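model this:
(chains A and B)
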Amino acid sequence: MRYSEMFLPTGREVPSDAELASHQLMIRAGMIRKLTSGVYSYLPLGYRVIRKFEQIVREEMNRAGAQEVFLPMVQPAELWKESGRWVHYGRELLRFRDRHERESCLGPTHEEVITDLVRNEIKTYRQLPRNLYQIQTKFRDEIRPRFGVMRCREFGMKDAYSFDADEAGAEASYRKMFDAYRRIFSRCGLSFRPVEADSGSIGGSYSHEFMVMAESGEDAVVFCSACSYAANLEKAEIAKPAAGPPREAVPPLDEVHTPGMRTIEEVCGFLQVPAEAVVKTLIYSADGEAVAVLIRGDHEVNETKVRNRLGCDALELASDEMILQATGSPRGFAGAIGIRARILADYSLLGMTDCVIGANREDYHFRHASPERDFRVADYADLRMIGESDPCPRCGGEIRFARGIEVGHVFKLGTKYSKAMRAVYLDRNGQELTMVMGCYGIGIGRTVAAAIEQNHDAEGIIWPLPLAPYQVIITPVNVNEKALSDTAEALYRSLHEKGAEVLLDDRDERAGVKFKDADLIGIPFRVTVGPKRLAEGKVEIKSRRSGEVSVLPVSEVEAFLLGRIREGI
RNA sequence: CGGGGCGUAGCGCAGUCCGGUAGCGCGCUUGCUUUGGGAGCAAGAUGUCGCAGGUUCAAAUCCUGCCGCCCCGACCA
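A predicted model of the protein is given here:
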C-alpha cells in the first residue's frame, strides 16, 4: 500500500477523552474513530489488525476442530424467554419491537440461537460432538462504556459453542478450546494467564478467563507463587479454617455508648480494639430481601461469592430505609443480635469470640459478643475477598496479585441451555439424553487494544509481528530525489511480490514526519532509504521494538526481511 | 441511576466570573525556501460558540429547559 493513497489520519494531539494508552494510540494512529458512546468505526489500519487477529483465531479454531458459522444479530424474544434470560439478562440486552410489534433483541451472545439451531438439526449421538463458532458483532448496552474499544457496546467477538453427548466429551471439548486459546494468545506474543473465574450471567458449572496482564486492566487476579493456581480476585477461594483453639470464657455481653462511631476505623479507635476483633455487619438487598452479611472487621466482602451463595440475581447494599427496617437504627450500627434479616457469615467468624459488633441501636455497639453464644448464624460460607496474608487455597504457598484484561472466557455450561431449550439426542440405546454444552468467547477488539496496552512506548504502538497491520514500512527520506524514490519503489515491489505486507511512505513529507508516523503506527521494520547510505548502495533497517539498526546493501534487504518476518511469525 | 466535569474551526484549547458582535497552537490551501526525527517565511480558507426558548439596544458570555460526551460509583460476559 502507498501511504499517500491511504486513509490513515494520524494525530499528534492526545485526544482529550481518552485515558488509556491503548485508546489514545488507537485514535492517534488512525485505527478507530468514535461514532457515539461505546460505538466505534474501524479505519483501514485498525481493521487490518482486526483481520490479522481474526485470522489467527480462525486458524486455531479450525485446527481445534470447530467449524465457522454466521448467526443472526437480531433475535426473537421467544428464544430468550425459553432460556429464561429474557427476564434475567437485565438491561444490557437491547430490546426492541419490529413493525409487527414482535419483541426482539440484538444478540449480546448467542447461546439461544445456536442451541435452537443445533436442537433442530442434531438428533443422534452419531452427530456429536460438534463445535460451531462465529466471528460477529455483539451488542451489549453497557451501563458505562469506557476505555475505547476495551469496554464498548458494539464489539466484535469470536464465540464458539460445543455440544457433546456426555460430561466426559464436554470436558474434552473444553480442554481443546482451552488449549486453542493458549495457542491464540501465544501466537500474538501476549503475556497472559488463564485464571479460574466466576461464570456470571452466562451460567454453567465452571469457567476460565484468559487475562492479558496489564497494570491498566480492569480485573484483579490472584496467583500462587508456588503452584499453578490462578484466579480472578472475585473467584479466589479461601479455605474453611480449621477449628480454632477451645473458646475461653467470655465476659457477658456489654452494650457501650459509641456516639457517631459508624465505620470500623472509628469504632476501633474509640474502643481501642483491633479491626480483627470487630464483626462488620453489612445489610444487602438480595432480590429485594434483606440479608445481613457478617464479616471480620479487617476483611472485605466479596459480593460475587455472596450472590452465588444466595443464588440471587440482584445484590446491592441496602437502602437506608431497608437498614432501618432490619435493624431499627440508622446506617452504621447494624449487628447480628436481634436483627430482622437472614444472616450469612464468613468462615472467619467460626473461630471468633469476644468481639465488638453493632447493637442495632443508634450510637451503641456491643462488646464481648460471641457467635453462637449471642446470636445464631444460619449459614457460614466463604464470602470474603482473598487478601495479602491469605495462603494459596491449593497448596498453601504465598499468593501474589496482578491486574489483567479479560480477553477470553471459556465456560463449561453443562446442560443449562440444552435442558431449558430441550436440545436432546438419542443415544445408541434409543434413549433420549440432553446435550452437554460449552461456550467460548474472545473479544476481538479488546484483544487488539490489550496488545497495544502491553506493547507501546512514548512514541507509539509496537506491534507484535503477527498482529502488525504491515510488517515493513519503506521510508524514502525525500521523494523528490529520484534515486531514493526509485530504490524505495523497487524494494516495495519486490517485497510485496514475495508476500511481505509493505507500506511505502511515498508522501512528500519531511523525514521527521515520516519517522514519527512510522513509530506511532508501530510497524515492526522500517527501511530508511536516504542519500548517505544509498551512495554506498545501502539502506538502513530499523527494528521498532529493539531500536536495533542494520545497514545492508539494497540487494540483501529482501532476504533479510523475509527471514526476520518468518522468525517473527 | 447517583455524584462531578465538559461542549467555541478537523484536533488541542483560551475567551464565559464582569454582555459590546470570536481568538491561539497544531492541522488544511497556495507560493517560495528547506529536506535523516513532527521545517521557515508569506498569503489564505474554515465557526449555526451543542440545541431550543427567554432577558437585553446587544448573548459564546446571564436565566430556563433539553441533548451529547467524559470521569467516579452502582452494574457487568
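
Let me see the ranges of the strands in the stretch 201-350 of chain A.
For the stretch 201-350 of chain A, the strands defined by DSSP state E, counting those that start in this stretch cover A:206-213, A:219-224, A:230-232, A:254-257, A:278-286, A:289-296, A:315-317, A:342-346.

With respect to RNA strand B, which of these lies nearest?
strand A:315-317 (4.8 Å; CB to the nearest atom of the strand). C-betas here are computed from N, CA, C, even on glycine.

returning to that earlier point: out of the strands of the stretch 201-350 of chain A, which gets the lowest mean score?
With a mean of 83, strand A:315-317 has the lowest mean pLDDT of the strands of the stretch 201-350 of chain A.

so which of the strands of the stretch 201-350 of chain A comes closest to A:Arg309?
With CB to CB, the closest approach to A:Arg309 among the strands of the stretch 201-350 of chain A belongs to strand A:342-346: 6.5 Å.

Just the residues contacting the closest one, thanks.
With contacts defined as CB atoms under 8 Å, 6 or more residues apart in numbering, strand A:342-346 is touched by A:289-296, A:299, A:301, A:306, A:309-310, A:336, A:371, A:375-384.

Pull out the buried members of those.
By neighbour count, with 16 or more other CB atoms under 10 Å, these hold A:290-296, A:299, A:301, A:306, A:309-310, A:336, A:371, A:375, A:377, A:380-384 as buried.

What score does whichever residue of the stretch 51-200 of chain A sits closest to RNA strand B have for pLDDT?
Of all residues in the stretch 51-200 of chain A, A:Gly200 sits closest to RNA strand B, at 2.1 Å by CB to the nearest atom of the strand. On pLDDT, A:Gly200 comes in at 72.

What's the local residue count around it?
Using other CB atoms under 10 Å, A:Gly200 has 14 other residues around it.

same check, this time on the one 5 residues further on
As a burial measure, A:Ser205 scores 16 neighbours (other CB under 10 Å).

show me what contacts it?
So A:Ser205 contacts A:199, A:412-414 (CB under 8 Å, 6+ apart).

do that again at 7 Å, thanks
Neighbouring residues of A:Ser205 by CB atoms under 7 Å, 6 or more residues apart in numbering: A:412, A:414.

Could you report the separation of it from RNA strand B?
13 Å (CB to the nearest atom of the strand, to the nearest Å).

Can you pull the phi/psi pair for that residue?
With angles defined as degrees, to the nearest 10, A:Ser205 sits at phi -90, psi -40.

Repeat that for the one 10 residues further on.
With angles defined as degrees, to the nearest 10, A:Glu215 sits at phi -60, psi -30.

and what of A:Ala226?
According to degrees, to the nearest 10, A:Ala226 has phi -110, psi -50.

For the stretch 401-550 of chain A, which residue gets nearest to RNA strand B?
For the stretch 401-550 of chain A, CB to the nearest atom of the strand, closest residue to RNA strand B: A:Gly530, 1.7 Å.

low pLDDT regions in the stretch 101-250 of chain A?
For the stretch 101-250 of chain A, the stretches flagged by pLDDT under 70 are A:201-203, A:244-247.

Tell me the residues on it that lie near RNA strand B, please.
Contact residues, the stretch 101-250 of chain A versus RNA strand B (CB under 7 Å from any atom of the strand): A:108-109, A:138, A:140, A:142-147, A:151, A:155, A:157, A:198-202, A:218.

Of those residues, which belong to strands?
Counting by DSSP state E, the part of these found in strands is A:138, A:155, A:157.

Return the residues in contact with A:Trp463.
So A:Trp463 contacts A:455, A:522, A:524 (CB under 7 Å, 6+ apart).

Next up, the contacts around A:Leu8.
A:30, A:44-45.

6 Å instead, please
A:30, A:45 (CB atoms under 6 Å, 6 or more residues apart in numbering).

how close does it get to A:Ala518?
11 Å (CB to CB, to the nearest Å).

Against A:Gly358, how distant is A:Asp374?
12 Å.

Repeat that for A:Asp486.
83 Å.

ok, those two, which is more surrounded?
Legend: neighbour count by other CB under 10 Å for A:Asp486 and A:Gly358, higher for A:Gly358 (27 against 13).

What residues are bridge-paired with the residue nearest the centre of chain A?
The C-alpha lying nearest the average C-alpha coordinate of chain A belongs to A:Glu406 (CA atoms, centre = their mean; 1.9 Å). Note on A:Glu406: beta-bridge partners by DSSP bridges are A:Met211.

Surely it touches A:Glu218?
No - A:Glu406 lies out of contact with A:Glu218 (CB atoms under 6 Å); the separation is 7.6 Å.

pLDDT weak spots in the stretch 251-400 of chain A?
If you take pLDDT under 70 as the line, the stretch 251-400 of chain A has no such spans.

Helices of that one, start to end?
A:264-271, A:303-310, A:320-327 (DSSP state H, counting those that start in this stretch).

Likewise for the stretch 1-150 of chain A?
A:21-28, A:44-63, A:77-83, A:85-88, A:111-121.

How about residues contacting the last one?
Residues lying outside helix A:111-121 but in contact with it, judged by CB under 6 Å, 6+ apart, are A:71, A:75, A:79-80, A:83, A:161, A:163, A:417, A:421, A:423.

8 Å instead?
A:69, A:71-72, A:75, A:79-80, A:82-83, A:85, A:107, A:127, A:130, A:132, A:161, A:163, A:202, A:413, A:417-418, A:421-424, A:435, A:437, A:439.

Likewise for the fourth one?
Contacts to helix A:85-88, defined as CB under 8 Å, 6+ apart, come from residues A:77, A:80-81, A:93, A:112, A:201, A:313.

can you give me the offset of it from its chain's centre?
23 Å (CA atoms, centre = their mean, to the nearest Å).

Buried residues, it. List them.
A:85-86.

One more: stretch A:165-174?
A:165-166, A:169-170, A:173-174.

Using PDB, list the CA coordinates for that stretch.
Extracted in PDB, the C-alpha atoms of stretch A:165-174 (Å, rounded to 0.1, in the frame of the first residue of the first chain):
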ATOM      1  CA  ALA A 165     -23.100 -36.400  24.300                       C
ATOM      2  CA  ASP A 166     -21.800 -36.600  27.800                       C
ATOM      3  CA  GLU A 167     -19.800 -34.900  30.500                       C
ATOM      4  CA  ALA A 168     -16.600 -36.600  29.500                       C
ATOM      5  CA  GLY A 169     -17.000 -35.400  26.000                       C
ATOM      6  CA  ALA A 170     -17.800 -31.900  27.200                       C
ATOM      7  CA  GLU A 171     -14.700 -32.000  29.300                       C
ATOM      8  CA  ALA A 172     -12.600 -32.900  26.300                       C
ATOM      9  CA  SER A 173     -14.200 -30.100  24.200                       C
ATOM     10  CA  TYR A 174     -13.500 -27.600  27.000                       C
END
